[in-house]
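A.B. asks: What would the 3D arrangement of this be:
(3 chains)
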Amino acid sequence: MTAFLHQVFSGLASGGIYASVALALVLIYQATHLVNFAQGEMAMFATYVAWALVQAGLPYWPAFLLTLAISFAGGVAIERIVIRPFDKAPVLASVCVFIGLLSIFNSLAGFIFTYTIKTFPSPFGEQAWYGTRFLSPHETGEIVVTLALLVLVYAFFRFTPLGLAMRAAAQNPASSRLVGIRVGWMLALGWGLAAAAGAVAGMMAAPIVYLEPNMMGGILLYGFAGALLGGIDNPWGAVLGGFMVGVLENLAGGYVVGADLKLTAALVIIVGVLVIRPSGLFGRPIAQRV
Amino acid sequence: MISRRRFLATTTASTALLAARVFPAFAANAPGVTDKEIKIGQTMPYSGPASSYGAIGKAELAYFKKINDEGGISGRMLNLLSLDDGYSPPKTVEQIRRLVEQDQVAFIFQSLGTPSNSAIQKYLNDHKVPQLFVATGATKWNDPKNFPWTIGWQPNYQTEGHIYAKYLLTNKPDAKVGILYQNDDYGKDYVKGLKDGLGDKAAGMVVKEESYETSDPTVDSQIVSLQASGADTFLNATTPKFAAQAIRKAFDIGWKPLHFLNNVSISVGTVLKPAGLEKSVGVITADYRKDSSDPRWDNDAGKKQWLAFMQKYMPDADLGDNDYPYGMMAAMTMVQVLKQAGNDLSRENIMKEAANLKDLELPMLLPGIKLNTSPDNFAPIKQMQLQRFNGKSWELFGDVLSG
Amino acid sequence: MTVLSETPAMADTRQVAGLSLSTWHRIGLVAALAFALVVPFWASSYHTFQFTLVTVYAIALMGLNLLTGYNGQISLGHGAFYAIGAYVTAVLVHKTGVPYWATVPVAGFVCLGVGFLFGFPALRLEGLYLALATFALALVTPQILKFKTFASWTGGVQGILMDKPDAPWGLPLDSDQWLYFLCLAVALPLFWAARNMVASRTGRAMVSIRDHPIAAATMGVDTALVKSLTFGVSAFYTGIAGSLGGIVVGFVAPDSFSILLSLSFLVGIVVGGLASIWGALFGALFVVFVPNYADQISDLLGERAKALPWAIYGLLLIAVMYLMPTGVVGMLRTVAARVVGVRGPRTLVAKTE
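C.D. replies: The predicted structure follows:
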């Protein structure tokens, strides 16, 4: 029983990370209807920026906030400079651009920071009261941060004029333009927010998985699976999906098929679910207009 | 459509060209050897899942630069062409063919990775190109009868597994062993080595085997399963990132087994420190190198020699990374072979001298450990010594062992 | 998805320099064929080996292009079919001693079956969801190849080593040249068949499903059947490529078929040109040669730049997409259209069948 609980909780801890990556994916999806495959590598790179700031002597929280700002600016810049020209290009051209970005960030990080693993500080202390036998303080903190991020994103899209404008721009660019929304900037804003959310995911993941250029590879995959499982047009669903993937993966590996088929089992289940519910567990079915 | 006559013409031309394409008969020296230069080829995973090992290639490039700055070997400069293969065997084949056929290197030195070297072993042996001191610990490189052009360098993983098994049989014969290994040939070699070493008792002693993929974000779940199996002894056959995760998670969930950590991940700087030094106390491992971050060796002549090299040629490098001493010593072994070969730099003679190392001592090897090769021994380093982590550094104990 | 689509049923009578575009097309074809036939006689064996890889990848990309370019089903996992093809060949050669050439069609048909079966559940999935499912397939395949139950067949993590075949019948070719011509001899009929397929009824059904599935269904196209069939045929092509690739490299191992392979296939068809026969060839040239150029460029930057080739590759990829968002073929078409536009009126005449 203890072992079972351990598996569940460590699944929740990894799930929290997948969930925050899933949220970042949702943000870009909301704005552009694309999944950014470079999201993980951008998050990794942002985490290195944070690491460098901490190394330079900045305390954790200022470094954290500064990294968010830098990531936001970086995301906006990438959208304006790299992605914008592909506005009218076929979808798959954008996918190739994402693959290009992915290899650039991965390679640059290795070049600048080397491939040796680095420790990344946690703001939650080693022996804090909210640590338990099942979850370390950082894991608890990381889950809370993920949930807080979710509430922020939800509130932003639901209640703020800017969030509503962004949604409108994604859903109906032509009409949005007519009511005075600057659609182009809304897309850039979506990229900026997604980059910042990704940076949070990276900074929460790094104390657990250690900082190195390939750290987000596996996480992005699980985040992607989580987002689709929950429904990529729905922040709540995506986060829930992320947690589910984390737990599912651990239970499958621990009790069903053994660790050497853990990934296989998790993916088969996810794809199975999607076959039955093609727009995710909590996603809106896509209505086709003829 | 091409006319029949033109087709015939091209085929005849091709026959003539074919003769020229066959590998040249061996003259005195191998291809790539001139009076001024020795061209050496290598593939390294500078990108991809094993990219942290790229440090080895960089150290070797730097060491050869040092040799060149000092006048080369009998006036010949060492020109190491070190290409990225991303740890993907088909890419290794392509790059090695480029090195051998296009760049005309004399031989291949320290290509890294078991799958990559497996993919090129037959090609290199068929073409009689020396595949020297491969950077992998698989056992199969010591097979001079079938692969006379391939030679290993580091102690192999199975030998290390034997050493742990021997320790267990003497000190903890009723151990219940749990194993965590990387799901590839490297990880499985440890499992095999340990089981072979335990012999008949293996079936009773090994209670749980868990594996992971390099794409897994963490190995937390596997550690939980190992603890739940009731194991009181842990063989941790993982690469640095996962080794650090495993040490930390075992400590955090209160699992305190007798912990054997594989040699791949023994760096204090890049594994134990990230895992937490206090969480690593009591971990046992076997090594053949001096730990570069251990202050005990600060006054050691060998370490000073290494440090001097690093400061001059790799000033930005992380001194806590054990791949740098590894790379320097492999490069030194190569230099020794070329010196022994003297002016007969044919592929045959280079291979012959690679298999003719006698008690070679290298600066960062533990005292008492020497390299030896002979025509029927293609495993240069066979000895290791057990050591235990005391919270600050590794403490050697027992004798120098050889599997 | 909007893609410029080649409609091979049309004969293009627009004129450039006194010749119709169709004639130019034919001249290009003959030139490429002539080049393909003589290249192994003047290139070094290393370059011949690279051109062999180009041919192999071109077959794989043709397969993916049928599925993604013509039928609009995005696959991020064609590396899986490539792996299955390679393994079918390696296991048969290694375990049963079947001659290597006989395993190539077997590999193709095994993949046809797997692809067709995979195509069924995939029917329910669209766009991103299909991308995830195929991505999963690519990730899972190496794991299954390593799995201990199958290890006695697949060689587990060690993989399988194969002998490199020599030219048969006393042909005056060395092993590299022979393999090159073997792959070319397999590729040409496959390309010819693909061209005919996309020009046929089925081909038009495939394209109509991509452009408007509901309209296609209304017009009486059996979308489910066409989609699964396309999946099967696509896997067939890629499986044959995998089989040839295994023979050419002489070694298969789970590490050979990482997710990067699948991604580079996708990059290949987009760079080459979606929904185009020639696109597969241009894409294969990109896949084989550009990483090497990236390597050489980064070598110019000195020792420290050892980690940089992929950054350079990424930059090149983005630059190529920027200059040619519809791929090499798309750009050629645009250029041709410009030239024609200056010279005369656009008259597209449908060929009557």
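
A.B. asks: so which residue of the stretch 51-200 of chain C comes closest to chain A?
C.D. replies: residue C:136 (3.9 Å; CB to the nearest CB). (Glycine included, C-beta is placed from N, CA and C.)

A.B. asks: Tell me how far that residue lies from residue C:143.
C.D. replies: Residue C:136 is 11 Å from residue C:143, where distance means CB to CB, to the nearest Å.

A.B. asks: Mind checking which of these two has more residues around it?
C.D. replies: residue C:136 (24 against 19; other CB atoms under 10 Å in any protein chain shown).

A.B. asks: shouldn't the more buried one be in contact with residue A:274?
C.D. replies: No: if you go by CB atoms under 8 Å, residue C:136 and residue A:274 don't touch, sitting 9.9 Å apart.

A.B. asks: can you list residues touching both of these two?
C.D. replies: By CB atoms under 8 Å, 6 or more residues apart in numbering or on different chains, residue C:136 and residue A:274 have no common neighbours.

A.B. asks: Apart from its chain neighbours, what residue comes closest to the closest residue to chain B within the stretch 201-350 of chain C?
C.D. replies: Residue nearest to chain B within the stretch 201-350 of chain C: residue C:251 (4.0 Å; CB to the nearest CB). Of all residues not flanking residue C:251 in the chain, residue B:119 sits nearest, at 4.0 Å (CB to CB, 6 or more residues apart in numbering or on different chains).

A.B. asks: give the contact list for residue 51.
C.D. replies: Here I'm looking at chain A. Under the criterion of CB under 8 Å, 6+ apart, the contact list for residue A:51 reads A:113, A:118, A:120, A:206, A:211.

A.B. asks: that's the other chain; I wanted chain C
C.D. replies: Residue C:51 touches C:39, C:40, C:43, C:180, counting by CB under 8 Å, 6+ apart.

A.B. asks: Could you check which helix or strand contains residue B:386?
C.D. replies: Taking DSSP states H and E as the definition, residue B:386 sits inside strand B:384-389.

A.B. asks: Just give the number of residues close to residue C:165.
C.D. replies: Residue C:165 sits with 17 neighbouring residues when counted by other CB under 10 Å.

A.B. asks: how close does it get to residue C:93?
C.D. replies: Separation of residue C:165 from residue C:93 (CB to CB) stands at 10 Å.

A.B. asks: on that earlier part again, could you verify my assumption that the residue of the stretch 201-350 of chain C closest to chain B touches residue C:159?
C.D. replies: Yes: if you go by CB under 8 Å, residue C:251 and residue C:159 touch, sitting 6.1 Å apart.

A.B. asks: coming back round to it: can you pull up the bridge partners for the residue of the stretch 201-350 of chain C closest to chain B?
C.D. replies: As for beta bridges, residue C:251 partners with residue C:161 under DSSP bridges.

A.B. asks: follow-up on the earlier one: just want the angle from the helix or strand following the strand holding residue B:386 to strand B:384-389.
C.D. replies: Moving toward the C-terminus from strand B:384-389, the next helix or strand (DSSP H and E) is strand B:394-401. Calculated by axes from the mean of the first three to the mean of the last three CA atoms, to 10 degrees, strand B:394-401 forms an angle of 160 degrees with strand B:384-389.

A.B. asks: State the mean pLDDT of strand B:394-401.
C.D. replies: In this model, strand B:394-401 carries a mean pLDDT of 85.

A.B. asks: Pretty sure residue B:89 sits against residue B:117.
C.D. replies: No: Residue B:89 is not in contact with residue B:117 according to CB under 8 Å; the separation is 9.0 Å.

A.B. asks: hang on, the earlier thing: just checking: which of the contacts of residue C:51 also lie near chain B?
C.D. replies: Contacts with chain B are made by residue C:40 out of the contacts of residue C:51, judged by CB under 8 Å from any CB of the partner chain.

A.B. asks: And the contacts of residue C:51, which two are furthest apart?
C.D. replies: Across the contacts of residue C:51, the longest distance by CB to CB is 9.2 Å; it joins C:43 and C:180.

A.B. asks: Have a look at these two and say which one is more surrounded.
C.D. replies: Taking neighbours as other CB under 10 Å, residue C:43 and residue C:180 compare with residue C:180 leading, 27 against 16.

A.B. asks: wait, is that one part of a helix?
C.D. replies: Yes: with DSSP: H, G, I helix; E, B strand; the rest coil as the criterion, residue C:180 is assigned to a helix.

A.B. asks: Up against chain A, what does chain B have?
C.D. replies: Taking CB under 8 Å from any CB as the measure of proximity, chain B contacts chain A at B:46-47, B:49, B:51-52, B:54-55, B:183, B:210-218, B:220-222, B:224-225, B:227-228, B:240-241, B:244-245, B:249, B:252-254, B:270-271, B:273-274, B:318, B:321.

A.B. asks: Narrow those residues to just the buried residues.
C.D. replies: Neighbour counting over the residues of chain B next to chain A (16 or more other CB atoms under 10 Å in any protein chain shown) leaves B:46-47, B:49, B:51-52, B:54-55, B:183, B:210-218, B:220-222, B:224-225, B:227-228, B:240-241, B:244-245, B:249, B:252-253, B:270-271, B:273-274, B:318, B:321 as the buried ones.

A.B. asks: thinking again about what came up before, wait, which of the contacts of residue A:51 is closest to chain C?
C.D. replies: When the contacts of residue A:51 are compared for distance to chain C (CB to the nearest CB), residue A:113 wins out at 9.8 Å.

A.B. asks: Just give the nearest non-adjacent residue to the closest one, would you?
C.D. replies: Once flanking residues are discounted, residue A:113 sits nearest to residue A:48: 5.3 Å by CB to CB, 6+ apart.
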